[in-house]
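Undergrad: Quick one: sequence and predicted model below, then my questions.
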Amino acid sequence: MDLILDGIVQAFKLLIQGDPEVIKICLLSLGVSFSATLISLVFGVSLGVAIGLNRFKGRRFLVTLINTGMGAPPVVVGLIVTIFLWRYGPLGFLHILYTPAAMVVAQCIISLPIIMGFTLASVQQIDPKLRLQIQALGASRGQMLWLLVKESRLPLLAAVMAGFGAIISEVGASMMVGGNILGQTRVLTTAIVMENSKGEFAVAIALSIILMILVYAVNLVLTVVQQRSRLS
Amino acid sequence: MRSPNQKRGIFSVLLVILLSLGLISSLFGCNSTSEPVSSGEAITVHSELKTTVGESTPTTPVQTTEPPSTTKPANPEIILATTTSVQDSGLLDVLIPIFEQKTGYKVKTIAVGTGTAIAMGQRGEADVIFVHDPSKEVPFMDSGAGMNRKLVAHNYFIIAGPASDPAGIKGMTSVVDAFKKIAAKGSTFISRGDASGTNSRELQIWKLVGITPKGQSWYQESGQGMGATLNIAAEKNGYTLSDRGTYLATRATTGLNILLEGTDSNLMNIYHVIQVNPTKFDKVNGPGGRAFVVFMIDPETQAIIANYGVDKYGEVLFFADATKTKADLGSY
């Protein structure tokens, strides 16, 4: 119990003193996860809407794949991405292994199925009569899609929060493709594992607390936006 | 017209997007892109550094032709694969910045465990490795994947265990006999079980004892780093073979005691730095790897290694060995 209290004290100390290493780690965590969420948001929502609204051969198989992808172990994704990005691997010429770029790639792959899955479920549950009505009012295809996305803002924002939550908290892939290099690819989750393995439990708990605060802050903003949209 | 609530909602979303764009740009702005060096770059090897495969030779202080960081190396990025115990001791956090400043190289230190580090070297995925498992290093050198294997330092393993000492090994000097006693008593023993240098030495000792502990109820494999393994040993009142540094760092939380220590050659923990052979792997940064090897055996660096640990632990963690030969250290 005293270890947790120790950790809380350490967390305050680190935050107030503005320890540069910790700040760098926090910024990198947020930067990598934000970038990955943004990229998967763009692709995830567009693909999710496309798959959700259309009927084509093999659609059910594709949707099953996406839903499976939601539960795919991040560490497996990390292992596969590492093998591809190795110097002598097929994508080795990119030279992005052990850089934040590789972490963004791995995290995109992890969060994309989550956002796609939520999106296609949320557009599918819109009343089909609404689509007909929008089309009957003379909307172009683009306008209709935009209106449908606006209709499902609530579950879509839930998708963003789920996708972001999954990748800010994952450690296996980040460790493998990033390498947990001090000052370059060390993020909060990998730092916590390392401090724990060193036996520095108070520091590990402190970093965990900071991570939870950051995740809470981001979700606060997103929740406010999500819940506010109901009032309009 | 939009309601004030809608305006605020949109504003918050825009703020988040702007923030993330800012973070993204800073992320990729800081990311220095390395220009890959053409594979045909000739490597001039100093005669002092050229070693026969499988041996580490004594070094007289080497005259390096590397100029101080005024000229930037052609390929400034080096991947150094090393062990978790070295990283956890904090030694590299001291040495790497000095090396980067001196030579202009940028080091990516990947702390993975000796087994993985050697496997990475075997595939040319690292430029230089810093490890402590001679039994795996020799085949690595023999395969031609490694070159310039240089002795850097050594320290000694200890057996950590509960103060109650159920197997009664306190005060013994031979680690083989101590292991024998632990096995005979069936006292809980926690192994790293992760192909690390520490794990490798532990398994070698069991071989000398002549028993196979795997599968026995008292022998448990954590598959984790030294800190976590010491923790498990503390919780289960068990013994474990540990490096001194991690033991000292975690002593306060684990409450374990040193039950066996000494200069038994079986306890000797030897660290070598090995360059990955650029002729075998054209994507390896040859000059970079060599520069790191040269740095590690440099007398200035050796002095830092020899004094490391005093302020943090009250004792030194490593004995610097670059000027010694294998014969000086005895068999290991």
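TA: Yes, it's here. On a predicted model such as this, the values are computed, not experimentally measured, just so you know.

Undergrad: pLDDT weak spots in the chain?
TA: By default, I'm working from chain A. A:229-232 (pLDDT under 70).

Undergrad: that answer is for a different chain, and I need it for chain B
TA: B:1-71, B:327-328, B:330-332.

Undergrad: what about A:I8, neighbour count?
TA: 14 (other C-beta atoms under 10 Å in any protein chain shown). In this view, the C-beta of every residue, glycine as well, is placed from N, C-alpha and C.

Undergrad: so who does the residue of chain A found nearest chain B touch?
TA: Proximity to chain B, evaluated over chain A using C-beta to the nearest C-beta, is greatest for A:G199 at 3.1 Å. Listed by C-beta atoms under 8 Å, 6 or more residues apart in numbering or on different chains, the contact partners of A:G199 are B:G227, B:L230, B:N231, B:T246, B:A249, B:T250, B:T253, B:T254.

Undergrad: Residue 137 - how many residues pack around it?
TA: This is for chain A. So A:L137, with other C-beta under 10 Å, has 10 neighbours.

Undergrad: please go with chain B instead
TA: Using other C-beta under 10 Å, B:E137 is surrounded by 23 other residues.

Undergrad: Correct me if wrong: it contacts B:A117.
TA: No - between B:E137 and B:A117 there is no contact under C-beta atoms under 8 Å: 10.1 Å.

Undergrad: Do a quick rundown of the helices in the chain.
TA: No chain specified, so I'll use chain A. In chain A, the segments counted as helices under DSSP state H are A:2-17, A:20-53, A:59-70, A:74-85, A:100-124, A:128-136, A:141-151, A:153-168, A:172-178, A:188-198, A:201-228.

Undergrad: That was the other one, I meant chain B.
TA: B:4-30, B:84-89, B:91-103, B:114-122, B:134-142, B:175-185, B:197-209, B:226-235, B:244-254, B:286-297, B:299-307, B:310-313, B:326-329.

Undergrad: Longest strand in chain B, please.
TA: The residue-count maximum for a strand in chain B (DSSP state E) belongs to strand B:146-161.

Undergrad: can it be found next to chain A?
TA: No - applying C-beta under 8 Å from any C-beta of the partner chain, one finds strand B:146-161 out of contact with chain A, separated by at least 11.9 Å.

Undergrad: Pairing partners for that strand, with directions?
TA: Using DSSP bridges, strand B:146-161 pairs in its sheet with strand B:240-243 (antiparallel), strand B:257-260 (antiparallel), strand B:268-276 (antiparallel), strand B:319-320 (antiparallel).

Undergrad: so how far is that strand from its chain's centroid?
TA: Distance of strand B:146-161 from the chain centroid (C-alpha atoms, centre = their mean, to the nearest Å) equals 9 Å.

Undergrad: just stretch A:56-64 next, same as before
TA: 24 Å.

Undergrad: tell me the contacts of the closest residue to A:G78 other than its chain neighbours?
TA: In space, and not counting its chain neighbours, A:G78 is closest to A:A173: 2.9 Å by C-beta to C-beta, 6 or more residues apart in numbering or on different chains. A:A173 sits next to A:P74, A:V75, A:V77, A:G78, A:V81, A:M103, A:A106, A:Q107, A:I110 when contact means C-beta under 8 Å, 6+ apart.

Undergrad: what's the burial count for the first one?
TA: As a burial measure, A:P74 scores 21 neighbours (other C-beta under 10 Å).
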